[in-house]
Structure formats: structure tokens, C-alpha cells
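Undergrad: sequence plus predicted model, see below.
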Amino acid sequence: MRGAGLQHGRQSRLALLCGVSGLACLLAGGALTVPSWAQDVQDLAADLPSNAQMLLESDTLVYDNDAQTVTAVGGVQIDYAGNRLVAQRVEYNRKTQRLVASGNVQIVQSDGTKINSDHIDITDDFADGFVNALRVETVDKTYFAAESAERMGGVLTTFHNGVYTACEPCEDQPDKAPVWRVKARKIIWNGQKKTVRFEDSNFEFFGFPIAYLPAFEIADPTVKRKSGFLFPSVSYKTDLGVGVGVPYYFALSPTYDLTVKGNYFTRQGFLGEAEWRQRFSNGQYNFKIAGIHQQNPNAFDVDTVDRGTSGDPNKLRGMMGTKGQFAINSRWDFGWDIMLQSDKNFSSTYNIDGFSDYVHRSEVYLTGLNDRNYFDLRGMKFQVQENVLDTDSRARNDEQAWVLPSFDYAYIPDTPLAGGQLSLNLNARAIHRNNLDTAGIERVRGIEGESGRLTAEAEWKRSFVTDGGMVLTPLLAFQADGNVVNASSASLTAIDDMATALGTTADVRSSFFRNMATLGLEWRWPILFSSIGSSHVFEPMAQLFVRPNEAYVGGLAVPNEDAQSFVFDASTLFERDKFSGYDRIEGGTRANLGVRYSGSFDNGWTTNALFGQSYHLDGRNSFASEDLVNAGANSGLETDQSDFVGLVGIASPSGLSASLSGRFDEQTLEVRRSEVKLGYTGQPISVSAKYAFIQKQPLYGFAEDRHEVMLGGSAQLGENWRVFGSGTYDLQTNVLVRDGIGFGYADECFTYLMTFSETRGRDTKEVSQSIGFNISFRTLGDFGSASSDFAQ
């Protein structure tokens, strides 16, 4: 020991707490009680922020009056204003107001950032300092390392010969190179501007340098939103050429921002995009615009892209789109999704994010949900951005309807009525269509003009269980609607032609009312069979619905807009009304008979099955009555005895599942419709296979049988790699409609995805190939393209 002023405090553990308010300094342990030492600590505390406290713990404290130093040795821990310093030795110089720490030094800042080093020289407020051989771990699991570093002003940290990565070190091999890292001569971390700047840097991938970057800057890893350039994108299309897009992000406020993007296509020129986003306490919205003055519009196929006439090509193309959703309160939501564009498929052609889907539904809606009440009001317009491969499926946008509006309301009272459940439903639609939508002379899918309908429906049912376990459910239902039709002369002519082809007479009315009353009874008798290791439930079922004939059918009087997608199978066998919408109402007396089965086994396997048939007993069969789309034709219900329908399924606890469903001719058992599924979901492999067959339905627009086989699968290769693929083969036309394969890599800091796919037209056999890739470096950004198309 040297210096007469040198004093020691030794004990198993010393703790010193300096409270700035009142300049009180308490020393726990009793060994260090020198007043001059305490006064000096109070002087130190006076320099700290007014609301801060410093807690120092160590095995030994040495105070040198002559050198004006305090030295803590052995298990030193200093806590100040949310910051913590841990070391084997810390020396504080009161003259310079600097702390020098050595021996397994770690600083944990108030934001959670960890700094590890062998030697740190830092000011007492942690604002300035110098560090040798350090490693930094931020709260977002990003990592810095450097030979040395300087910290100035509490906000600027400069790393010399530094390394940055967002990949966690390997526990078994901490010196192994991460998946990616940036090595730089100098890394400047600005805590005030929230930026990290790299100078004279190399980007390394799996330890190999792949790019030299003289200088670049990224946002601080702790920052979620900051203005600056985003990663560029690249793409290729035959009619567009090579495309490069560079976006710039403006973080204007915590609640709104703007992104502008410039794209250049070698065949078409410059495309500009801009998107505004804003968030409120109860919702958010965005607004997007895009436009281009095309250099070579003749590069597009006139049959697939609306490029204008040959003498006046459509050079100027663009779009505007907006989406939003707001919670009015806990029960009500209001929102919209609207797209306007210069032609039928600009957004699809240029892959405008959020608006490039094949069928885009522009809509404004208001929805409400409370307990057992549901309200939905919306206006809609369907926009078809046409499929370039299947000419038979090209729908024209002028044939798509304006739905102004569509309305649904459902209400189930909490209080039982006569011991049973009452449910109420309201549905309304008003439709305008600019052009007639037909499929030859056999079907009028949509009339030119206007049509509207308002429907109210009430249903009551109550279940009774007999002593023998039978379940009887009587049912009463009533539906009424009013309809208006304002068909153009072209529509009336098309309907007359259809009626002539079907051998009937058209009876189109400007307005009419319909109603349907139903008296029903359902009988079920679930029977449980138990055995060692398994249990089985067989449930024979029967339904009887008595009702009058459906009104205004057979004369093609009712526009069918919402009941076109009708399918009769095991899932709809026991439906009271098997039509898919309100425009058609099932009438006549009908019985449904069938049996359901379910089984479970102690080893985890489960099985289920259903088989049955429907019978038209009296009145007019709605499914044998013509409408404008022939919804009931070839459905399996158009005869008095329907086709048989059934399904059987099995599932294992290991992820294996299989099912078979079908519809079979009521006399010959010929397969009319079938679907076979087989799948396995597990580790490391998941596979699925599906076969579908639908017999031809000439009156419904399908003159040939349809056979398809679909296969898909994925495999996990190790912890991070996976491969996947899928394909669809049309057995009827011998065309591989779709196929694709891809592989991907993903870990905590890097993802990579590569895909290749082909699409072929069922009729044209035209092939379109696409290649897609995406590379994502956590904290740096994404790079890649959605797809690259090559027409052959």
C-alpha cells in the first residue's frame, strides 16, 4: 500500500448505494466508514442525473486519497440508470471521471444491448469511452465485433476493423463463420440518427467474400421504421424485358409513411409506383398509384393484354387502388378494397403488389357481429384480369356484375321459442350488368340490365330424445322474397333463344313475389357399439320435407346469380335446401335417407363414413326444372330417385389420412363424380395426392368428362433445408396443367427460396414458365423477384 490516504474496506461482499436525491450515501457491510470517502462519493453522485442512483458491489474496495481513485476488485458490479457494468477489476478516477474496467468485462445498457470486452475505458456516465477486442449483442439479436471501438457523446460508437451480422454464434463452434456477415474497416453506429454506416466493407457468405461495398448505410437494428432506400428487386418477362425496381421509404411519422418505387423495364421503359399508408387507433388504410408510358406496346399479344388498337396502341397505362379497414366499435367494422385501372389487366401484367390477383373484387363493406347476430352490407365489382392460356375461360369485365348492394343479416334469439331454436335470415342483392353474359345458347349466366331481390327466411326446430335413444327433430320454415328484373332487349332475345333450344317458352317478368313454406321432420338413431380397444357409432338418418312447388321455374323467369355453383354430394345430402344461394328455392316433397358412421380406436386411429340417397316424392322437382344456367342439370337430383352419394375416411395419429367420396348412378352405380385423397403430414416428409373425376354435364356447359390428378409434397432436409413440389395432370386432355418444384433454406438470420413452375393451357397447350427466387437477410432486407416468366 502506498500513500497515507490509502484505505481499505474488506469483507465477503461490499455494497454501496448512492442516492442522488438528498445526497445520501449508505454503505452496507460496515467495513468502509471513512467520512472523507463518503463525501467524495457524494460529490460523484452530485454529478449524476437528478433521478439516478448508483449501486456498486465488489469483494474489495480500495480508496487512494492521493491519486483520487477508487478501485473495486473481485466480482465488481456497477448499476447506474438502468446500465450495468460487470468486471473483475474497476478503477474510477475522480479527476478524469473515467472508469477503467478489465477482466471479462460486460456492459449491459438500459436498452438491453450487451458489450463484452477484456478492457474498457469509459466515462462515469457511460457516454464516452474506448474498448479493446469487444463483442456487442443488441436486444434484437444482432452482433458487432471489432478490434477496438470508441464511444463519443453517448450516441456515436465507432468500430475499427469491425464485423456485423444478425446470425447467432454457433454454440459448438463459436469461431465458425456465420451464414452471412459484413466486415468493414470502420462501422459507425449513430444512436441519435439510428443508423449504422459501413465503410470499406466486404459482404461474406458462409465465410467467403462475394461483394465489395465502398460504403453503405442501414437502419439501427433497434429501429423498426426509418427513411431510406430499400433492397432493389429484379424480374423478367418476355413482353416487359428485364426489370429492376428501386424503392425508397419515407418514415414521415409513427402513424403514416410513403414508399415510392422506380422500375425500369428494358422493353417498356419506366414504371413509377407510390404507396401511402396511415394507421389510426381504430384501423388503417393505404393508397397506391402506378403508371407507365409504354415504349413497345406491340410486344403484347392483342388477345391477352389490352394494348389498344393497332393504329392507336395503348401506350399510357396505369392504376389507382386503395384498401382500408376501421373498427367503429367492438362490434362494427367498416372497410374497402377498390381498384381502378386503365385497362383490364394492367395490375396483373406489371405485378402491382396487392392488386395483381386474377379476379379482383373491389368492394366497400360494413360488417357487424355480436353474440348470435351477424350483419354484412357491401357493394362489389368483380374485375377479371384475364387468363392468357385458357381461351374458353376468358370472362370479359363488361360481363361482370356491379353488386349494389349485397346484404346479409342473421339473428338467432337467445330465448328458446316453444322449447326450440328460432333463426332469422335476411338477404338482398341489387345487380347491374353492362353486357350480356352467355355460354352459347344453352346458358345465360347473367342478364344485361338490372335485377334485384329481397329475401326473408325464418326457421324453427326442436329436438326430442326418446327413451330408446332416437332423436326426433320437427322443423318449420318459411321464406318469402320479392324480385324485380329490368332486362335489355339483347337479354330477352338470348333468353328466347335458350327457351327454344330447351323446347320451352320464356316467361320473363319485370317483378314477381315468391314464398315457400316447409314442414320437416328429421329422425336419427345413434347406436353405440363398444369393444376392447375401440368404439363405433352407427347412425341411421331420415328426413322428410313437405312443401309446395317452386314458383316461376321452367319459364326462365328467375335470374340465377347466386345459386350457380350447385354440387350434390355427401356433404349436402341432408341439407333442407340444396341450392347454394337464394335465387333458387327447392320445392316439392323430398325425403333424404342415409346412414352415418364414426369410429375411434385406442391406438389413435379414427374412421368415418356416410352413405345415402334422396327421393323426390311429390310435386315439381326443382332440379329437373330449367333456369337460365341449368343449375340442376346432370346434378344427380333431377330424377325421382337421386344418385347415391357417399364418403369414407380414415386418419391415424401419425399423420396419415385417406378419403374416398363419390356420386353413383341410382340404377347402374356408374361413377358420376368421385374424389380420392391420400395424405401424410409428419416429419420430415409431407405428401398429398388427389384424384378427381366429374362426368360430362353438357347442359351445364361441360361437354367432356373431367379427370385430374394432383400431387404435392415437401421434405425437410436437416434443420434448415426443405424441398417441395406439386403437379396437376389432366387425364382427359393429356396435359400437365401445372407443375412446379422448389427448395428453400431458413434460419434465424437468413432465408432463401427458389421456385420453378410451368403452366399449360388445357386447350391451347401454350406453356408459360416461371422462375422465382427470394433472398432475405435479417436487418438488411429482401432481394429477389416473385417470378420470371418465359412464354414458349
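TA: Perfect, thanks for sending it.

Undergrad: and the pLDDT for Thr438?
TA: With respect to pLDDT, Thr438 has a value of 83.

Undergrad: please report the distance of Leu476 from Phe545.
TA: Leu476 is 11 Å from Phe545, where distance means C-beta to C-beta, to the nearest Å. Using the backbone N, CA and C atoms, a C-beta is placed for each residue, glycine as well.

Undergrad: please apply the same query to Glu386.
TA: Using C-beta to C-beta, we find Glu386 at a distance of 42 Å from Phe545.

Undergrad: repeat that for Asp496.
TA: Distance check for Asp496 against Phe545: by C-beta to C-beta, it reads 34 Å.

Undergrad: of those two, who's got more company?
TA: Set side by side, Asp496 and Phe545 show more neighbours around Phe545, with 21 against 15, by other C-beta atoms under 10 Å.

Undergrad: so what pairs up with the more buried one in the strands?
TA: Per DSSP bridges, residues listed as beta-bridge partners of Phe545: Gly520, Arg590.

Undergrad: tell me where the chain has helices.
TA: Listed from the start of the chain, the chain has helices (DSSP state H) covering 35-46, 346-349, 489-502.

Undergrad: show me what the longest one packs onto, helices and strands only.
TA: Taking 3 or more C-beta pairs under 8 Å, 6 or more residues apart in numbering; DSSP states H and E as contact, the helices and strands that helix 489-502 lies on are strand 443-446.

Undergrad: what strands line up against the strand it packs on, and which way round?
TA: Each strand that pairs with strand 443-446, with its direction, by DSSP bridges: strand 437-439 (antiparallel).

Undergrad: name the residues of the strand it pairs with that come out as buried.
TA: The neighbour-count check on strand 437-439 (16 or more other C-beta atoms under 10 Å) flags 437-438 as buried.

Undergrad: any idea how far it is from the chain center?
TA: Its chain's C-alpha centre and that of strand 437-439 lie 34 Å apart, by C-alpha atoms, centre = their mean, to the nearest Å.

Undergrad: next one: stretch 315-327
TA: Distance of stretch 315-327 from the chain centroid (C-alpha atoms, centre = their mean) equals 19 Å.

Undergrad: ok, and what's touching it?
TA: Residues outside stretch 315-327 that contact it (C-beta atoms under 8 Å, 6 or more residues apart in numbering) are 280, 282-294, 297, 308, 333-343, 346-347, 352, 354-355.

Undergrad: buried subset of those residues?
TA: Neighbour counting over the contacts of stretch 315-327 (16+ other C-beta under 10 Å) leaves 285-292, 294, 297, 308, 333-339, 341-343, 346-347, 352, 355 as the buried ones.

Undergrad: now, those residues that are in strands?
TA: Residues of the buried ones among the contacts of stretch 315-327 located in strands (DSSP state E): 285-292, 333-339, 341.

Undergrad: for those, work out which two are farthest apart.
TA: Using C-beta to C-beta, the two most remote members of these are Ile292 and Asp333, lying 35.0 Å apart.

Undergrad: ranking helices and strands of the protein by mean pLDDT, which lands last?
TA: The element with the least model confidence among the helices and strands of the chain, by mean pLDDT, DSSP states H and E, is strand 24-28, at a mean of 32.

Undergrad: what about the protein, any weak spots by pLDDT?
TA: Low-confidence regions of the chain, defined by pLDDT under 70, span residues 1-53, 124-127, 301-313, 387-397, 441, 555, 785-792.

Undergrad: rewinding a little: give me the common contacts of Leu476 and Phe545.
TA: Common contacts of Leu476 and Phe545 (C-beta under 8 Å, 6+ apart): 518-520.

Undergrad: most neighbours, which of those?
TA: In terms of neighbours by other C-beta under 10 Å, the shared contacts of Leu476 and Phe545 top out with Thr518 at 21 neighbours.

Undergrad: would you confirm that it contacts Pro548?
TA: No - with contact defined as C-beta atoms under 8 Å, Thr518 does not count as touching Pro548 (9.2 Å).

Undergrad: now Asn161, nearest residue through space, not along the chain?
TA: Ranked by C-beta to C-beta, 6 or more residues apart in numbering and with sequence neighbours excluded, the top spatial neighbour of Asn161 is Glu147, at 4.5 Å.

Undergrad: residues in contact with that neighbour?
TA: Glu147 makes contact with 132-133, 160-162 under the criterion C-beta under 8 Å, 6+ apart.

Undergrad: can I have the buried ones of the residues you listed as a PyMOL selection?
TA: The command below creates a PyMOL selection of those among the contacts of Glu147 that count as buried (16+ other C-beta under 10 Å):
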select buried, resi 132+162
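
Undergrad: which one of the contacts of Glu147 is nearest to Gly740?
TA: Taking C-beta to C-beta as the measure, Gly740 sits nearest to Gly162 out of the contacts of Glu147, at 42.2 Å.

Undergrad: contacting residues for that closest one?
TA: Under the criterion of C-beta under 8 Å, 6+ apart, the neighbours of Gly162 are 144-147, 149, 183-184, 186-187.

Undergrad: and it, how far is that from Glu199?
TA: Summarising the geometry, the distance separating Gly162 from Glu199, computed by C-beta to C-beta, is 10 Å.

Undergrad: please apply the same query to Asp66.
TA: As judged by C-beta to C-beta, Asp66 and Glu199 stand 44 Å apart.

Undergrad: for Ile585, same thing?
TA: Ile585 sits 75 Å away from Glu199, going by C-beta to C-beta.

Undergrad: now do Gly482
TA: Using C-beta to C-beta, one gets 75 Å for the distance from Gly482 to Glu199.

Undergrad: cool, and Asp118?
TA: Going from Asp118 to Glu199 by C-beta to C-beta gives 25 Å.

Undergrad: do the same with Tyr409
TA: Shown here: Tyr409 relative to Glu199, a distance of 64 Å by C-beta to C-beta.

Undergrad: Ile210: how many residues sit nearby?
TA: Using other C-beta under 10 Å, Ile210 has 10 neighbouring residues.

Undergrad: which ones are touching it?
TA: When the contact criterion is C-beta under 8 Å, 6+ apart, the partners of Ile210 are 203-204.

Undergrad: do the same with the one 3 residues further on
TA: Remark: with contacts taken as C-beta under 8 Å, 6+ apart, Leu213 is in contact with 182, 198, 201-203.

Undergrad: let's see that with 10 Å instead.
TA: 182, 184, 198-203 (C-beta atoms under 10 Å, 6 or more residues apart in numbering).

Undergrad: quick one: which two of those residues are the most distant?
TA: Pairwise distances across the contacts of Leu213 (C-beta to C-beta) peak at 13.5 Å, for the pair Glu199 and Phe203.

Undergrad: distance of Gln421 relative to Gly784?
TA: When Gln421 is compared with Gly784 (using C-beta to C-beta), they lie 54 Å apart.
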